[in-house]
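J.: prediction below, plus the sequence it came from.
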Amino acid sequence: MQTSDFDYHLPLEFIAQTPIEPRHNSRLLVMRCDLGTLEDSQFYKIGTYLKALAAHDNNVPFYVLMPSSSIDFGLYDGQKEILIEERDPEEVTSVRGLYRGEVIPARICPDGTRAGNWGFDITPASLVTGFITERGICSADENSIKEMFSDKIK
């Protein structure tokens, strides 16, 4: 990692990924849920599953911010019932960068390379310590969700 002064004369540090490992002394990981289902699967931006695995492996509690507006109470098994968005492969096979004062596209893999670019990944509840909701904190399991939101269950 390099530190430099940017145009605003502030120190700048670039970190490629959110580190979760013993040397970083992480005590807690909290991430927002894009969509939750009754059987306790949660859908997040790509990379959340790996962060949940890292937190689990390092004994770091992983909590999910999950307001009731992000829970689809009509779905039971999101892994079977939800089609995960697949985005344009060019988003991961090419980058734009500055070359001789001009912003140009640059391919970062050989032509014809297939690329998967999913919009979300699925994090199983077994990796989640608990859900933080507008009604409080509950365990990451179906019964706890039903108990906390019994008025919303059909």
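T.: All right, it came through fine. Since the model is a prediction, treat every value here as computed from it, not as a measurement.
J.: can you point out the buried residues in the helix ranked longest in the chain?
T.: Assignment by DSSP state H gives helix 48-57 as the longest helix of the chain. Residues of helix 48-57 classed as buried by neighbour count (16 or more other C-beta atoms under 10 Å): 48, 49, 51, 52, 54, 55, 56. For every residue, glycine as well, the C-beta is placed using N, CA and C.
J.: okay, and the helix or strand of this protein with the least pLDDT?
T.: Here the helix or strand of the chain ranked lowest by mean pLDDT, DSSP states H and E is strand 3-5, holding a mean of 38.
J.: just give me how far stretch 134-151 sits from the chain centre.
T.: Centroid separation for stretch 134-151 versus its chain: 21 Å, with C-alpha atoms, centre = their mean, to the nearest Å.
J.: let me redo that: stretch 138-153
T.: The mean C-alpha position of stretch 138-153 is separated from the chain mean by 22 Å, C-alpha atoms, centre = their mean.
J.: give me the buried positions along it.
T.: Quick answer for stretch 138-153 (16+ other C-beta under 10 Å): 138, 139, 140, 141, 144, 145, 148, 149.
J.: same deal with stretch 62-71?
T.: Within stretch 62-71, judged by 16+ other C-beta under 10 Å, the buried ones are 62, 63, 64, 66, 70, 71.
J.: ok, the first one to residue 84 distance?
T.: As defined by C-beta to C-beta, to the nearest Å, residue 62 lies at a distance of 21 Å from residue 84.
J.: and if you look at the third one?
T.: For residue 64, the distance to residue 84 under the criterion C-beta to C-beta works out to 18 Å.
J.: hmm, back to that, out of the buried residues of stretch 138-153, which is nearest to residue 27?
T.: residue 140 (18.7 Å; C-beta to C-beta).
J.: check the secondary structure at that closest one for me.
T.: coil (DSSP: H, G, I helix; E, B strand; the rest coil).
J.: kind regards, and thank you for your time.
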